[in-house]
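*Asks:* I would like to see how this sequence folds:
(2 chains)
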Amino acid sequence: MHNKTIAELAAGLRAGEFTSEELTRAFIERIKAHDDRLNSYITVTEEQALAQAREADQRIAAGTAGPLTGVPLAHKDIFCTDGVRTSCASKMLDPFIAPYDATVVRKFREAGAVMLGKTNMDEFAMGSSNETSFYGPVKNPWDLGAVPGGSSGGSAAAVAARLAPGATGTDTGGSIRQPAALCGITGLKPTYGRVSRYGMIAFASSLDQAGPMARTAEDCALMLGAMAGFDERDSTCAEQLVDDYICGLNNDLKGLRIGLPKEYFGEGLDAEVAGAVEAAVDEYKKLGAEVVEISLPNTNLAVPTYYVVAPAECSSNLSRMDGVRFGYRCEEPKDLEDLYKRSRGEGFGPEVKRRIMVGAYALSSGYYDAYYLKAQKLRHLISDDFKKAFEQVDVIMGPTAPTPAFNLGEKKDDPVAMYLADIYTIAVNLAGLPGISVPCGFVGKRPVGLQIIGNYFDEARLLNVAHKYQQATDWHLRTPEGF
Amino acid sequence: MEWEVVIGCEIHTQLATKSKIFSGAATAYGAEPNTQACAVDLGLPGVLPVLNKEAVRMAVMFGLAVDAEIGRRSVFARKNYFYPDLPKGYQISQFELPIVGKGQLAIELEGGESKTIGITRAHLEEDAGKSLHEDFHGMTGIDLNRAGTPLLEIVSEPDMRSGAEASAYMRKIHSIVTYLGICDGNLQEGSFRCDVNVSIRPKGQEAFGTRAEIKNLNSFRFVEKAVEYEVERQIAIIESGGKVVQETRLFDADKGETRSMRSKEEANDYRYFPDPDLLPVVVEEDFIEALRKTLPELPDAKKDRFIEQFGLPAYDAGFLTSSRGIADYFEQVVEASGAEAKLCANWVMGDLSAALNREDKTIEQSPVSAEMLAGMLKRIVDNTISGKIAKEVFEAMWSGEGDADAVIEKKGLKQITDSGAIEAVIDEVIANNAQQVENYRSAEPDKRGKMIGFFVGQVMKATGGKANPGQVNQLLKSKLEG
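*Replies:* Here you go, the predicted model:
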């Protein structure tokens, strides 16, 4: 059962091959049996899951089920879940039980999906290796000595290891696509504004976007259909109709114009990763696509720009974690200042502190123009690069990450090396575009991801392009040994 | 040396929206602590602000009323600082691009001349909660009911030159925002409060002196007093060779003095930046023009109309239009009583205002409604009561004894206009005061005018003040001289 895709599970549930309760129980058993090796879940919500599953079975029996009714899924622990700990993998929020559901969580609940639990992640989504979690690192199921990527590393590892058929993730600079690539699954970061951010604990508000992580593009399409849409609680959410992501999945790719940015194939790219990506592009040629070399000249500015914008926003977003109303509070504070300093000093991990300090610095008077304003200008230049490119091509392809999964601990003490793991994904967030990572090969035991970037609100096309490739290849069907 | 005082004001007006500026929670005053604070106001992880359009409408109304440039594209920014009653660790405000730009208004100075005061800008922001230091045994309680209440902060140019001008400016803004109905104007509840920046410079010097900011003044009188104290303090410092420190000061109303709260050296760097959770506010021309058409008659225009339409002196018209409530009340009295406007004005400005002041009530809280006052004035006009008796009637109405007719009836205050009855009393008075009658009759005619007062007083005393004074005068004259 656990090897089936979401689409197959949904069909099985409707055909009465198994009940949601049986299915949910099976996944809970698998989590119990295997997750101590991976650490992909922070919280498993067994009781609620079984209750939701029984409810879903009633809906299925009553004929009122939707496409996701009864399907078990996991949520990244960044989404607020009513009555369930929502920690953001931080000591700061370890005691925090959210009193409400995030819009994404509510939508899945209303669709009848079953929540298995909350997945591990980098603390406050700040990291590319899932090593900054207060609950310990997540291991890559393909190689337990390797990182799963981050920040949605728990979701990626859980899906890859069949501990959930699908999971939600969030992507601020690559946090869905990079772990999807490193764990050999499919992960989509939608256009900024496509999915509501309400109830998703903010890291960098102008970049954060929630998206689906699953084994196939078809499953991502099913999940995105449930997640996307306008939400009056999020002013930055787009008032734009949601496409039917399923009906176009099999559209012919003949004449599809693929842009290959030369900047994505230069220095720093692992040769074997490059080889896998090039082979994938060849596969697209066979499917009738045309390939055009393009240039995104400001690519090298993306990482520095991001590391001003994202920390600046996070320094302010994380101010509410002050030990006053919820979350961690230090013991026996002497006075107000002591309460703030120690609660935050003890509650946040080193990477979060680093970013808060960088961000506060970039916003401080006298530096604002040189850093924050300058970064905003560069952001426009980066967006313009993509705008020009999309006048020429339908999608842009390249590697999702410059290397396959690195070893646990390898980059932990070198933040700059860690930041470069997102070199191909960050520009997409700065421009607000959608991007998907699709498995396209291996380097040794470790998977490689192909990134496909689309124009604004062109998720349907991205899913179609990814799905056609998955019809022609089987990288996405491989299972890590031991799971 | 002769000193010139330079004053600029920042006025925080609480906008009269039903719900908060970024959440759906109610804004009503006086609820149990933390019962009007939702997840957004509490700043829980994951929540997002959504702008209340009504606040934008009100801000634009204000802009139009002071002839200001309307920010066609304004931007909300975060002002970052830590404080327990600031749940998010930042206040959402407007910084570089406010909704209302440069404007102006006129204030009236003593002696009747008017002066133009520049408005620098007005911007929308959310209020913080309240820290409660009492009743918590050495700890601090936090009430977030007020957190997220919409404020319009109105910043003036440093155009005022005295406490009286600052106070007149504050009154003028108060009357404009209450006329527009965008603020309830309640000073006690903190719906309208003023920060005053005060500095002095030698007369003729262009450069500004170092200023002190006096925070949170919630009375027109306090503004004047605080400025006066502050000016004297600064003059004393400079004249004794010292330097004024740039700082924030509080006004102690009991002692009538200002004292230091914190100096600017300790001030925060607020690290303002555009709030990425909110889109820029774009105000379209159509929207502005439609709003312009809904603007009510404003204080200056109403004053001119009162002078013209009612023939009132400028002073009266100014007084009666100082608040929309008083102006509306006055017009209702005129209409319902049919009495002369000047009589209505005298009562509104006289006995009614005195009673309101005495009990610290606003016109809206007056126990004597416009209709009741009009009812009483009708009885003056139709000679049922005299102006003097009316004062007694008014006090009775004020203390809840019913409308004028009921009071007149119950207390038997109806004026005696029956000549026979008055004559009988006069005859008695003449009989009992033979000496005074003799004196009167032997006096020169031009002295008699004063002397008749004695007899009038006796008659009024005997009738409990109810005799019609005109009739008494007339009858007395004919009897004494006859």
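*Asks:* need the residues of the stretch 51-200 of chain A near chain B, please.
*Replies:* A:79-80, A:86, A:88, A:93, A:96, A:98-100, A:102, A:197-200 (CB under 8 Å from any CB of the partner chain). No exception for glycine: its C-beta is placed from N, CA and C like everyone else's.
*Asks:* what do you get if the cut-off is 10 Å, keeping everything else the same?
*Replies:* Listed as neighbours of chain B in the stretch 51-200 of chain A under the rule CB under 10 Å from any CB of the partner chain: A:78-80, A:86-88, A:92-93, A:96, A:98-103, A:124, A:196-200.
*Asks:* which of those count as buried?
*Replies:* A:78-80, A:86-88, A:92-93, A:96, A:98, A:100-103, A:124, A:196-200 (16 or more other CB atoms under 10 Å in any protein chain shown).
*Asks:* ok so, going back, which of the residues of the stretch 51-200 of chain A next to chain B fall in helices?
*Replies:* residue A:103 (DSSP state H).
*Asks:* can you report how many residues lie near the closest residue to residue B:133 other than its chain neighbours?
*Replies:* Nearest non-adjacent residue to residue B:133, counting by CB to CB, 6 or more residues apart in numbering or on different chains: residue B:140, 5.7 Å away. Neighbours of residue B:140 under the rule other CB atoms under 10 Å in any protein chain shown: 12.
*Asks:* surely residue B:140 is in contact with residue A:336?
*Replies:* Yes: in this structure residue B:140 lies within contact range of residue A:336 using CB atoms under 10 Å: 8.1 Å.
*Asks:* shared neighbours, those two?
*Replies:* Taking CB atoms under 10 Å, 6 or more residues apart in numbering or on different chains as the criterion, residue B:140 and residue A:336 both touch B:84, B:131.
*Asks:* for the closest residue to chain B within the stretch 251-400 of chain A, what are its contacts?
*Replies:* Nearest residue of the stretch 251-400 of chain A to chain B (CB to the nearest CB) works out as residue A:319 at 2.4 Å. Neighbour list for residue A:319: A:340, A:344, A:356, A:360, B:43, B:78, B:80-82, B:86-90 [criterion: CB under 10 Å, 6+ apart].
*Asks:* can you tell me the SS state at residue A:450?
*Replies:* strand (DSSP: H, G, I helix; E, B strand; the rest coil).
*Asks:* residue farthest from the centroid of chain A?
*Replies:* residue A:334 (40.6 Å; CA atoms, centre = their mean).
*Asks:* is it true that residue A:286 touches residue A:471?
*Replies:* No: look at residue A:286 against residue A:471 with CB under 10 Å: they stay out of range, at 11.9 Å.
*Asks:* between these two, which one's more packed in?
*Replies:* Between residue A:286 and residue A:471, counting by other CB under 10 Å, residue A:471 is the more crowded of the two (14 against 9).
*Asks:* would you say that one is within a helix?
*Replies:* Yes: Residue A:471 forms part of a helix when assessed by three-state DSSP.
*Asks:* please, which helix or strand holds the residue nearest to it when sequence neighbours are not counted?
*Replies:* Computed as CB to CB, 6+ apart, the closest residue to residue A:471 that is not its neighbour in sequence is residue A:250, at 7.7 Å. Using DSSP states H and E, residue A:250 maps to neither a helix nor a strand.
*Asks:* for residue A:250, grab phi and psi.
*Replies:* According to degrees, to the nearest 10, the main-chain angles of residue A:250 amount to phi -100, psi 10.
*Asks:* count of residues packed around residue B:399?
*Replies:* Residue B:399: 11 neighbours (other CB under 10 Å).
*Asks:* enumerate every residue touching it.
*Replies:* So residue B:399 contacts B:355, B:367-368, B:407 (CB under 10 Å, 6+ apart).
*Asks:* what's the closest of those residues to residue A:48?
*Replies:* Nearest to residue A:48 out of the contacts of residue B:399 is residue B:367 (CB to CB; 59.2 Å).
*Asks:* in the stretch 101-250 of chain B, what residue comes closest to chain A?
*Replies:* As assessed by CB to the nearest CB, chain A sits closest to residue B:142 within the stretch 101-250 of chain B, at 7.3 Å.
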